[in-house]
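*Asks:* Only the shape, not the letters, is given here:
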């Protein structure tokens, strides 16, 4: 391991939180400088945020204080190290995002804040919690609104957390069924004829939704609920003409809908239903000349009165730290193209002949 921690201390009198020390070994002086910041600015922010004592000497960082704050500060330092080692500059904004994330996912006393799932709701993987402040706000938006549009880069948990809340609603009896759908649009490739029956043809497009379900429920439960149509996983085209009441409805990859398709989808909503629409407006795979339905709806609708918009950020990415670096590189390239008055690389792409 590149960072080590030694925890010392004992429980205080009267059951108070015990005092501990955590020692983190850094790789080199450059890493120590990046982590500490100019004139130890980052260390001061950590100390003030978590009320811990931090001592930096050579390549050793020592955190001391009560157990819960030290654990929070330790998590923040390790997150900052992960980002730095992935090539991401630890700017004031980045540090602020990480500090907010760590605090948002820990309750007083050091307990992790977990998604409000009833006991035994999940058959696999135990209970789940938001990993970032952006994810926590996303879950809150779903709780407080009937329609939620969430956008943001890959790896931020947009789909997984929507399915998580759908399972929660089903288990609590808030809804009677879950409907998951996606537009059947290829990601810039021409796959040609797919063999097999209807299910075999659409499964490749719907696989991410099945993956989320299987992470939350055991495979047999998913199979049984699909058989009795308590859970439906369907292509977007098969939503036309339906009215869905007391259902939790999720439209995934909505950036690949047309204006007509997303209008059709949103008007399927019946009494007692909730809708979550997810998408990444920077990854549109529609043919040239087609306008993304998600982008259009975000322009013409206004949040409020049961409708919420939520935007995930780079700091909400919970996949490998390198994903953050990749997303940022693409955004910088797109921004440079716009400032230079040239077409973006994606806009310049042409379909294969």
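*Replies:* Thanks, I have it. These numbers come from a predicted model, not from an experiment.
*Asks:* Roughly how far does residue 88 sit from residue 334?
*Replies:* Distance of residue 88 to residue 334, computed by CB to CB, to the nearest Å: 18 Å. All C-beta atoms are positioned from the backbone trio N, CA, C, and that covers glycine.
*Asks:* Counting neighbours around each, name which of those two comes out higher.
*Replies:* residue 88 (18 against 15; other CB atoms under 10 Å).
*Asks:* Could I get the buried residue list for stretch 217-229?
*Replies:* 217, 221, 222, 225 (16 or more other CB atoms under 10 Å).
*Asks:* Oops, could you answer that again for stretch 280-297 instead?
*Replies:* 280, 282, 283, 284, 285, 292, 293, 294, 295, 297.
*Asks:* which pair in those residues spans the largest distance?
*Replies:* Taking CB to CB as the measure, the buried residues of stretch 280-297 span a maximum distance of 17.5 Å, between 285 and 297.
*Asks:* State the phi and psi torsions of residue 59.
*Replies:* With angles defined as degrees, to the nearest 10, residue 59 sits at phi -110, psi 20.
*Asks:* okay, now the domains of the chain?
*Replies:* As assigned by automatic domain parsing, the chain contains the domains 13-104, 133-317.
*Asks:* Of these, which shows the lowest average pLDDT?
*Replies:* Among the domains of the chain, domain 13-104 carries the lowest mean pLDDT, a mean of 82.
*Asks:* Now do it: distance to the chain's middle.
*Replies:* 23 Å (CA atoms, centre = their mean, to the nearest Å).
*Asks:* Equivalent analysis for stretch 309-327, please.
*Replies:* 8 Å.
*Asks:* Which positions within that stretch qualify as buried?
*Replies:* 309-318, 321, 323-324, 326-327.
*Asks:* And those residues, which is closest to residue 173?
*Replies:* Out of these, the member with the shortest distance to residue 173 (by CB to CB) is residue 310, at 25.5 Å.
*Asks:* OK, contacts around residue 298?
*Replies:* Residue 298 makes contact with 149, 151, 281, 309, according to CB atoms under 8 Å, 6 or more residues apart in numbering.
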